[in-house]
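Asker: Compute the structure for the input listed below.
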Amino acid sequence: MKNFSLLLRRWFVDNARDLPWRHTTDPYHIWVSEIILQQTRVAQGIECYQRFIERFRDIHTLSCASEEEVLKCWEGMGYYSRARNLHRAAQEMVRRFGGKFPQGYEDVRSLPGIGDYTAAAILSFAWEQPYAVVDGNVYRLLSRFFAIETPIDTTAGKKEFANLAASLLPEKEIGIHNQAVMEFGALHCVPRRPNCTACILRDHCAAGGSNAELFPVKQRRTAVRNRYLNYFYILYKNNTWIRRRTEGDIWCGLYEFPLIETSYAVTDFNELTRTEDFRRLFGNADLFCVSPFPIVFKHILSHQTLFASFYRIETDTVLEELSDFICIAVEHLADYPFPRLFHRYLYG
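Answerer: All right, here's what the predicted structure looks like:
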């Protein structure tokens, strides 16, 4: 459709949200904002973006920081691999491109944490290069407008939508076009109960009205598994024990209390004390559980749901068994980056 882009660009001028990263063509700022928005709502993302840019003002500043500093600044945002990739990519840009953001698609795409969508967004927003963005909002809008039944979670679907999005790019205002397509999907062509009667594209939309929610089509649902994490907040003369996670997971580089993971929900501290994992972790240490029933938090991720149980423990002796942990004063907990779950437990 010839007027597809023009209608959306006109709509964008009148309806776009006033977001700080839309007032710059600096590729560094655009990159940071796009990484933040991958898994974060816009309202929360604004605060993180401003905090991150203020702390790490450019590629060089970010590359010279320690990973722990970067994770601490990212604290509370979740999906910490994003922060680690930002840090690694900044270091690569200093090493490979002299601290400047590369302008070639393949060079940008080669950086850690940057996929097809993010590369297209940066290059089109910063330099008006002709690359089409395809995110969840774009999938939804295009699938409805053209009534495309190819599942978006298949190789064929990804290729079809990428080619279609590219074919719709205008000759000018490419960055505005890309932002308009995403913004329209985010604000108007929403997943549930879209207002099709007031849609600027209604006269040409193939799936408008009652059929809109049938699109986009997906082939499969991701299986979600439950995990049960039992944490021990141990107090000894106003000190506690923590360690930095080194496992290659979403919390790698963050800190945590001593942990026992179980295959089911444990509701009684005494039950945990009878497990082999408990004996391996604490040996014969003399521990007193302030409350045998834990404080439990539920945390939903894309592929798993975490049930984190926190037990407050007191002891009169130094726990030499926790040789893999560091003992710190409780008032210094705030100096270390922790997953959001721990903030909810410690600070409410």
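Asker: make it CA atoms for all contacts and neighbour counts henceforth
Answerer: Will do.
Asker: can you give me the helices in the stretch 101-250 of the chain?
Answerer: Ranges of helices in the stretch 101-250 of the chain, per DSSP state H, counting those that start in this stretch, are 105-109, 116-127, 136-145, 155-167, 174-187.
Asker: which one of these lies closest to Ala16?
Answerer: The minimum distance between Ala16 and the helices of the stretch 101-250 of the chain falls on helix 174-187, with 6.9 Å, by Cα to Cα.
Asker: elements contacting that closest one?
Answerer: helix 4-15, helix 116-127, helix 136-145 (3 or more Cα pairs under 8 Å, 6 or more residues apart in numbering; DSSP states H and E).
Asker: And those helices: which comes nearest Val290?
Answerer: helix 136-145 (46.5 Å).
Asker: Flag every buried residue along stretch 283-300.
Answerer: Of the residues in stretch 283-300, 289, 293-294, 296-297 count as buried by neighbour count, 16 or more other Cα atoms under 10 Å.
Asker: Let me see the residues that make contact with that stretch.
Answerer: The set of residues external to stretch 283-300 that reach it, using Cα atoms under 8 Å, 6 or more residues apart in numbering, is 267-270, 305-317, 319, 321, 341, 345.
Asker: what about burial for these, which qualify?
Answerer: 306-314, 319, 341.
Asker: Sort out which of those residues are in strands and list them.
Answerer: Assigned to strands by DSSP state E, the following of the buried ones among the contacts of stretch 283-300 qualify: 306-314.
Asker: Now do the contacts for the closest residue to Thr154 other than its chain neighbours.
Answerer: Closest residue in space to Thr154, ignoring its immediate chain neighbours: Gln219 at 7.3 Å, by Cα to Cα, 6 or more residues apart in numbering. With contacts defined as Cα under 8 Å, 6+ apart, Gln219 is in contact with 151-154.
Asker: Pick the one among those closest to Ile260.
Answerer: Closest to Ile260, out of all of these and judged by Cα to Cα, is Asp153, at 35.4 Å.
Asker: quick one on the thing from earlier: could you dump the ones in strands among the buried ones among the contacts of stretch 283-300 to TSV with pLDDT and distance to Arg51?
Answerer: Listed next are these as TSV, based on pLDDT from 0 to 100; distance: Cα to Cα, whole Å:
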residue	pLDDT	distance to Arg51
Leu306	94	28
Phe307	96	30
Ala308	96	28
Ser309	96	30
Phe310	97	30
Tyr311	96	32
Arg312	96	32
Ile313	95	35
Glu314	96	36
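Asker: next helix or strand past the helix or strand containing Arg280?
Answerer: Using DSSP states H and E, Arg280 maps to helix 276-282. Counting by DSSP H and E, the next helix or strand C-terminal to helix 276-282 is strand 288-289.
Asker: how much distance is there from that next one to the middle of the chain?
Answerer: 36 Å (Cα atoms, centre = their mean, to the nearest Å).
Asker: Which SSE is immediately downstream of that strand?
Answerer: Strand 288-289 is succeeded, C-terminally, by strand 295-300 (DSSP H and E).
Asker: one step back: adding distance to Tyr49 as columns, could you present the buried ones among the contacts of stretch 283-300 in JSON lines?
Answerer: Listed next are the buried ones among the contacts of stretch 283-300 as JSON lines, based on distance: Cα to Cα, whole Å:
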{"residue": "Leu306", "distance to Tyr49": "27"}
{"residue": "Phe307", "distance to Tyr49": "29"}
{"residue": "Ala308", "distance to Tyr49": "28"}
{"residue": "Ser309", "distance to Tyr49": "31"}
{"residue": "Phe310", "distance to Tyr49": "31"}
{"residue": "Tyr311", "distance to Tyr49": "34"}
{"residue": "Arg312", "distance to Tyr49": "34"}
{"residue": "Ile313", "distance to Tyr49": "37"}
{"residue": "Glu314", "distance to Tyr49": "39"}
{"residue": "Leu319", "distance to Tyr49": "40"}
{"residue": "Leu341", "distance to Tyr49": "21"}
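Asker: Could you identify the most distant pair in the residues you listed?
Answerer: Leu306 and Leu319 (27.6 Å).
Asker: How about Pro20: what's its closest non-neighbour residue?
Answerer: The nearest residue in space to Pro20 (Cα to Cα, 6+ apart) is Ile46, at 7.4 Å.
Asker: host element of that neighbour?
Answerer: helix 42-55.
Asker: next one: that helix to chain centre, how far?
Answerer: Chain-centre distance of helix 42-55: 13 Å, with Cα atoms, centre = their mean.
Asker: Can you mark which positions in the helix or strand just after it are buried?
Answerer: Next helix or strand after helix 42-55 toward the C-terminus (DSSP H and E): helix 59-64. Neighbour-count burial for helix 59-64, counted by 16+ other Cα under 10 Å, picks out 59-60, 62-63.
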